[in-house]
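*Asks:* Here you go, sequence then predicted model.
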Amino acid sequence: MLSQYLLFGPRAFHILDPDNLESVLSTNFSDYGFGLRYQIFAPLLGHGIFTQEGAAWKHSREMLRKQFVRAQYQNLKQFEEHVDNLLARIPKSGVVDLQPLFFSLTLDTATALLMGRSVYSLRADIDQDAENRLFSESFTVAQEGLAKRYRIAPWQFLYNPSRFRKACKNVHRYVERYIKERELADHKADGDEYGFIDQVSQESRNTTELRDQILNVLLAGRDTTACCLSWTFWLLVRHPEVMSKLRQEIVVGMKGFETPTREAIRKMPFLSCVIKESLRLYPPVPLNQRQAKKTTLLPTGGGPDGRHPILVREGEMVVFSQYVNSRVKSIYGPKANQFRPERWQGGELSKIGWAYSPFHGGPRQCLGEDFALMEVSYTIVRMLQAIPSITWPEEAMDETMGTERQRLTLVLSCANGCRVKTATV
């Protein structure tokens, strides 16, 4: 399955076949590059793992990989305070839009992980100081600006308004000030509170490089996790039978545990299936692309029958969409468009391979996959424990699967939010 098109600039191929995706992301990884990604994202991200290639990327990946491995050995208490703050913002009875709350939650947990202290955006109506609020707001404006630059590439330079430039400067100033405060305080790297940033700082040449790495990881992890949580609850309230089954599993899985732990979550296989199915139908990053650095081959898609290799010349683009691939009926069956977590049970998808890759794959496999899945799992369990009833509000727009409005920036979110009705019984 392959299509090609040429609107302007180099020819581009839209690849659907999993073999072609494996070739681009893994087998022939070195044949492809990012093209204009650095020029598009540099105003906010500078030189970090998300924009780097070659030796610089390899150094960044190994440096950050060690920190995420270290984070895996921590218990899930790191999420507790922030999920407590989330639950405090959800009414016991009434209608609430969960999506903006999830975006605040993931910002709070990500900044706590990366910088050793949270911006506490979920406490904005209580005692969040002006600097934290300015950072949160500026980070959102800067991200929206990057999305606009990405959409108009190769003319990304045409979008550079003062509001965008100011937002990037505010974000940079906040992170740099924090780095300098820590340097003056002479914090050591052996404490959990400052572990991540201290370890990365030891291998960063200067404040700017450290700042860029922090912002790269923050951008890559904050919105993707928030979107996963939003779409999961959007789906659950529209499928009450799945919600009921999940609640029953949580009750059983949490026996003997006060709060969710890795051990407890491992006893909840259906929870894993629900999250996988949400990521399948609504991958946070639905569209991606690469540019050939030299003339190369895709293994299939050529010839009269589409089964022969196809030539990709230097400079040409390959575009791939997890969103489209996840709805291919020849892979997922006639009910590919339906929310059916049970499809992940048994052996139905045991050989799914590269047809399912919400966390990418190959050498650029997402370093934060474990952190994200644990945060999503922990949050879902805590919410279903704390809120007896979460349903689809009657007064909400009648959006069923396939009719919903979506919003694509750098990530795929619900255009109308994730409105739910909570009740004590």
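*Replies:* Yes, it's here.
*Asks:* Show me which residues of the one helix or strand L384 maps to are buried.
*Replies:* L384 belongs to helix 369-386 when elements are defined using DSSP states H and E. For helix 369-386, the neighbour count (16 or more other C-beta atoms under 10 Å) marks 371-384 as buried. For glycine as for every other residue, the C-beta is placed from the backbone atoms N, C-alpha and C.
*Asks:* would a markdown table of the residues you listed with distance to R151 be doable?
*Replies:* Converted to a markdown table, those look like this (distance: C-beta to C-beta, whole Å):
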| residue | distance to R151 |
| --- | --- |
| F371 | 29 |
| A372 | 25 |
| L373 | 29 |
| M374 | 32 |
| E375 | 28 |
| V376 | 28 |
| S377 | 33 |
| Y378 | 34 |
| T379 | 30 |
| I380 | 32 |
| V381 | 37 |
| R382 | 36 |
| M383 | 34 |
| L384 | 37 |
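*Asks:* quick one, helices of the stretch 201-350 of the chain?
*Replies:* For the stretch 201-350 of the chain, applying DSSP state H, counting those that start in this stretch gives helices covering 207-238, 240-253, 262-266, 269-281, 322-325, 329-332.
*Asks:* and R149, which of those helices is closest to it?
*Replies:* Closest to R149 of those is helix 207-238 (C-beta to C-beta; 13.3 Å).
*Asks:* from the middle of its chain, how far away would that closest one be?
*Replies:* From the chain centre to the centre of helix 207-238 is a distance of 4 Å (C-alpha atoms, centre = their mean, to the nearest Å).
*Asks:* now stretch 92-110
*Replies:* The answer for stretch 92-110 is 16 Å, by C-alpha atoms, centre = their mean.
*Asks:* Check which residues of that stretch are buried.
*Replies:* Residues 96, 98-99, 101-110 are the ones in stretch 92-110 that count as buried (16+ other C-beta under 10 Å).
*Asks:* what ranges do the strands span in the protein?
*Replies:* Taking DSSP state E, the strands of the chain run over residues 2-5, 12-15, 32-33, 94-97, 288-292, 296-302, 308-312, 317-320, 389-391, 406-408, 412-414, 419-423.
*Asks:* wait, which of these is closest to D212?
*Replies:* Nearest to D212 among the strands of the chain is strand 32-33 (19.0 Å), distances taken as C-beta to C-beta.
*Asks:* ok, residues contacting the closest one?
*Replies:* V24, E53, R290, Q291, A292, K293, T296, V318 (C-beta atoms under 8 Å, 6 or more residues apart in numbering).
*Asks:* Any chance of these in a markdown table with distance to H308 as columns?
*Replies:* Listed next are these as a markdown table, based on distance: C-beta to C-beta, whole Å:
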| residue | distance to H308 |
| --- | --- |
| V24 | 17 |
| E53 | 30 |
| R290 | 21 |
| Q291 | 23 |
| A292 | 18 |
| K293 | 23 |
| T296 | 15 |
| V318 | 17 |
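*Asks:* Adding mean pLDDT, write the strands of the chain out as TSV.
*Replies:* Output for those, formatted as TSV (pLDDT from 0 to 100):
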stretch	mean pLDDT
strand 2-5	52
strand 12-15	89
strand 32-33	96
strand 94-97	95
strand 288-292	94
strand 296-302	94
strand 308-312	94
strand 317-320	93
strand 389-391	97
strand 406-408	90
strand 412-414	93
strand 419-423	96
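*Asks:* For the ones you listed, give me CSV that also has distance to S330.
*Replies:* Formatted as CSV, those follow (distance: least, C-beta to C-beta, whole Å):
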stretch, distance to S330
strand 2-5, 14
strand 12-15, 15
strand 32-33, 26
strand 94-97, 37
strand 288-292, 22
strand 296-302, 14
strand 308-312, 19
strand 317-320, 17
strand 389-391, 35
strand 406-408, 24
strand 412-414, 23
strand 419-423, 34
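*Asks:* wait, S377 sits on P260?
*Replies:* Yes - using C-beta atoms under 8 Å, S377 and P260 qualify as a contacting pair, with a distance of 7.0 Å.
*Asks:* what's the neighbour count on the residue nearest to L349 when sequence neighbours are not counted?
*Replies:* Counting by C-beta to C-beta, 6 or more residues apart in numbering, the nearest residue to L349 once its immediate chain neighbours are dropped is R343, at 6.1 Å. Look at R343: counted by other C-beta atoms under 10 Å, it has 19 neighbours.
*Asks:* I'd like the distance between Q74 and L113.
*Replies:* 9 Å (C-beta to C-beta, to the nearest Å).
*Asks:* which of the contacts of strand 32-33 are buried?
*Replies:* Neighbour counting with 16+ other C-beta under 10 Å marks V24, R290, Q291, A292, T296, V318 as buried within those.
*Asks:* I'd assumed V312 was in contact with the second one.
*Replies:* In this case it means R290. No - R290 is beyond contact range of V312, at 9.7 Å (criterion: C-beta under 8 Å).
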